[in-house]
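*Asks:* sequence first, predicted model second:
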Amino acid sequence: MPPEAATRLRDLKPHQWKSGIAAWLGWLFDGLELHLYTLVAAPLVVTLLGVDSAADPAVKEKSAYIQAAFLVGWALGGTFFGRLGDRLGRSRTLALTVLTYAVCTGLCAIAQTWWQLMIFRFIAALGIGGEWAVGASLIAETWPKAWRPWLAAILQTAVNVGILLASAIVALLSFLPNPPPERYVFLIGVLPALVVYWIRKHVPEPETWHRAEATDAPKPGIVDLFRGRVASTTWRTLTVCALSLSAWWLFLFWHAQHLRRLLAEEGTPPGEITRLISAAFFLMIFVSIGGNYLAGWFARLWGNRRAILVLMFALFASMAGAFIVPRGFGELAWFWVPLVGLFSGVFGLFTMYLPPLFPTLLRTTGAGFCFNIGRLAAAIASVIFGWLAPVGDFRTALLISSGVAFAAAIASWWLPEHGEPDA
């Protein structure tokens with residue numbers, strides 16, 4: 001039965017289930033790997049530098065270098081492994097991406113210097129960025145087209161589950177009578193390597209890729225993303241991804257600092273500040289899971305392009321509403337920040353929207369390049385905002401970042417309506 005004929009779960013073939021499970025696990029481990037570092041970054045860098053506390057300027061400086069290297073690796077990995085996905089196949093490359101980030105995350109546990117940690121994080125990020133592009137194309141080529149909005153929500157939810165899983169694991173370790181050193185947390189990141197053997201043995205390459213690879217026509221290269229009618233698709237999607245991801249990462253970076261400052265100004269004890277910030281973070285993640293399915297529902301009603309357009313404007317409105325006037329911690333943490341999290345479900349739609357826009361042998365290359373280079377733009381924007389924003393004036397920085405979201409919403413009007421015909 002061809003994928004388009006499947007209307008119920010029991011109609012799906014075994015290879016479709018296997019590709020779906022492989023991609024979902026990849027997204028889950030993406031979230032796990034991403035958040036492990038953020039949970040233990042400060043104490044680990046303190047240990048590697050041999051300084052007394054996280055307040056040392058060297059800790060902030062080296063931590064910034066490590067995070068920048070990670071974001072650059074994430075961006076480059078989408079292009080590098082995306083290209084491999086078109087040349088070697090989706091299943092083979094998916095296994096390579098998982099193995100890359102699993103092994104290099106584990107190596108972070110034995111880093112002896114801050115620059116070793118930076119190198120391991122950079123290489124791990126290559127795999128994480130590549131997994132997104134390859135896994136998205138694998139699903140787009142094996143599962144029914146009509147199911148893609150819900151698949152996008154399910155895959156994006158896997159990232160949220162991975163983040164929560166990382167938080168839970170670190171929290172549980174902290175309750176042990178003799179908690180292990182922070183560096184050992186990275187050994188948990190080796191676990192995804194165990195699924196590589198299963199992916200290679202049980203997840204076949206999509207028939208769509210096999211047919212395209214078997215033709216005698218010249219195989220397209222990266223430069224073909226900027227030639228002919230594909231060029232228009234590349235530039236339009238790249239613009240939206242760069243603007244929207246910049247706005248989102250700026251929000252993630254600045255809002256927690258703004259909330260922390262509000263609590264400090266209210267005289268909240270340091271321990272209570274950490275507890276409240278963690279609670280606000282968990283609430284935002286849980287609400288964003290609902291946002292993934294809200295975005296999927298909109299996509300079913302209106303199609304991906306219109307859903308992205310509407311949700312981008314909603315993301316802008318919620319960010320601007322949160323910071324256009326001074327607000328207290330409670331109002332922001334328990335209403336406005338979760339509202340922003342709800343509309344962040346728009347990013348899940350790119351998972352199933354981007355790959356079909358490109359020809360089969362440019363599919364993972366195009367999707368990986370456009371979405372992950374957007375992360376590189378986000379990294380640059382974060383640095384620029386750090387230079388230009390008034391010291392401590394986080395609300396102004398957040399309000400300006402909502403303007404970036406508005407620009408993304410405007411640019412979404414010109415997103416392509418349809419992509420390549422499904423082979």
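*Replies:* In hand now; what should we look at?
*Asks:* Ala377 and Leu415: what is the separation?
*Replies:* 17 Å (Cβ to Cβ, to the nearest Å). Backbone N, C-alpha and C define where each C-beta goes, glycine included.
*Asks:* have a look at the protein and report its longest helix.
*Replies:* In the chain, assigned by DSSP state H, the helix with the most residues is helix 228-265.
*Asks:* average pLDDT across it?
*Replies:* Mean pLDDT, helix 228-265: 87.
*Asks:* again with stretch 278-288
*Replies:* Stretch 278-288 comes out at a mean pLDDT of 87.
*Asks:* what comes up buried for it?
*Replies:* By neighbour count on 16 or more other Cβ atoms under 10 Å, the buried set for stretch 278-288 is Ala280, Phe281, Leu283, Met284, Ile285, Val287, Ser288.
*Asks:* now stretch 321-331
*Replies:* Ala322, Phe323, Arg327, Phe329.
*Asks:* picking that back up, list the helices and strands the longest helix of the chain packs on?
*Replies:* The contact analysis (3 or more Cβ pairs under 8 Å, 6 or more residues apart in numbering; DSSP states H and E) places helix 228-265 against helix 270-302, helix 304-323, helix 329-331, helix 337-343, helix 346-353, helix 363-388, helix 394-412.
*Asks:* how far is stretch 275-289 from where the chain is centred?
*Replies:* 17 Å (Cα atoms, centre = their mean, to the nearest Å).
*Asks:* can you check stretch 358-371 too?
*Replies:* 17 Å.
*Asks:* how many neighbours does Leu176 have?
*Replies:* 8 (other Cβ atoms under 10 Å).
*Asks:* tell me how far it lies from Ser53.
*Replies:* With Cβ to Cβ as the criterion, Leu176 and Ser53 are 23 Å apart.
*Asks:* ok, Leu155 next?
*Replies:* Taking Cβ to Cβ, one finds Leu155 at 40 Å from Ser53.
*Asks:* same question, Pro144
*Replies:* Between Pro144 and Ser53 the computed distance is 55 Å (Cβ to Cβ).
*Asks:* more neighbours, these two?
*Replies:* Each of Pro144 and Ser53 has its neighbours counted (other Cβ under 10 Å); Pro144 has more, 16 against 9.
*Asks:* from Leu151, how far out is the more buried one?
*Replies:* Going from Pro144 to Leu151 by Cβ to Cβ gives 9 Å.
*Asks:* same thing with Ala158?
*Replies:* Look at Ala158 and Leu151: by Cβ to Cβ, they are 11 Å apart.
*Asks:* ends of stretch 173-184, what's the gap?
*Replies:* This stretch, stretch 173-184, spans 10 Å end to end (Cα to Cα, to the nearest Å).
*Asks:* off-centre distance for that stretch?
*Replies:* 28 Å.
*Asks:* swap in stretch 267-282?
*Replies:* 25 Å.
*Asks:* chain center to stretch 371-379: distance?
*Replies:* 10 Å.
*Asks:* repeat that for stretch 119-133.
*Replies:* Distance, centroid of stretch 119-133 to centroid of chain: 11 Å (Cα atoms, centre = their mean).
*Asks:* can I get that stretch as PDB, trimmed to CA atoms?
*Replies:* Coordinates of the C-alpha atoms in stretch 119-133 are reproduced here as PDB (Å, rounded to 0.1, in the frame of the first residue of the first chain):
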ATOM      1  CA  ILE A 119      35.800  21.000  20.700                       C
ATOM      2  CA  PHE A 120      33.700  18.100  21.900                       C
ATOM      3  CA  ARG A 121      30.600  20.300  22.100                       C
ATOM      4  CA  PHE A 122      31.300  21.700  18.600                       C
ATOM      5  CA  ILE A 123      31.500  18.100  17.000                       C
ATOM      6  CA  ALA A 124      28.400  17.000  19.000                       C
ATOM      7  CA  ALA A 125      26.500  19.900  17.600                       C
ATOM      8  CA  LEU A 126      27.400  18.900  14.100                       C
ATOM      9  CA  GLY A 127      25.500  15.600  14.700                       C
ATOM     10  CA  ILE A 128      22.600  17.300  16.400                       C
ATOM     11  CA  GLY A 129      22.200  19.800  13.500                       C
ATOM     12  CA  GLY A 130      22.500  17.000  10.900                       C
ATOM     13  CA  GLU A 131      19.900  14.800  12.700                       C
ATOM     14  CA  TRP A 132      17.200  17.400  12.200                       C
ATOM     15  CA  ALA A 133      17.600  17.600   8.500                       C
END
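*Asks:* so how far is Phe329 from His258?
*Replies:* 9 Å.
*Asks:* now swap in Gly321 and tell me
*Replies:* Gly321 is 16 Å from Phe329, by Cβ to Cβ.
*Asks:* ok, Tyr353 next?
*Replies:* 36 Å.
*Asks:* Gly189 is in contact with Gly106, correct?
*Replies:* Yes: counting by Cβ atoms under 8 Å, Gly106 touches Gly189, with 5.5 Å between them.
*Asks:* between those two, who's got more neighbours?
*Replies:* Gly189 (24 against 19).
*Asks:* Provide the secondary structure category for that one.
*Replies:* helix (DSSP: H, G, I helix; E, B strand; the rest coil).
*Asks:* so who does the nearest residue to it once chain neighbours are set aside touch?
*Replies:* Once flanking residues are discounted, Gly189 sits nearest to Thr105: 3.0 Å by Cβ to Cβ, 6 or more residues apart in numbering. By Cβ atoms under 8 Å, 6 or more residues apart in numbering, the contact set of Thr105 is Glu33, Leu36, Phe120, Ala124, Phe186, Gly189, Val190.
*Asks:* could I get the residues you listed as TSV with distance to Gly271?
*Replies:* Converted to TSV, the contacts of Thr105 look like this (distance: Cβ to Cβ, whole Å):
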residue	distance to Gly271
Glu33	28
Leu36	23
Phe120	32
Ala124	32
Phe186	26
Gly189	28
Val190	32
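*Asks:* just the buried ones from the residues you listed?
*Replies:* Judged by 16+ other Cβ under 10 Å, buried ones among these: Glu33, Leu36, Phe120, Ala124, Phe186, Gly189.
*Asks:* before we move on, the earlier item: which among the contacts of Thr105 gets closest to Val404?
*Replies:* Glu33 (26.6 Å; Cβ to Cβ).
*Asks:* pretty sure that closest one contacts Gly189?
*Replies:* Yes: between Glu33 and Gly189 a contact is recorded at 5.3 Å, counting by Cβ under 8 Å.
*Asks:* which residues do the two both contact?
*Replies:* Tyr101, Ala102, Thr105, Ala124.
*Asks:* tabulate the residues you listed (TSV), appending pLDDT.
*Replies:* Formatted as TSV, the shared contacts of Glu33 and Gly189 follow (pLDDT from 0 to 100):
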residue	pLDDT
Tyr101	88
Ala102	88
Thr105	88
Ala124	91
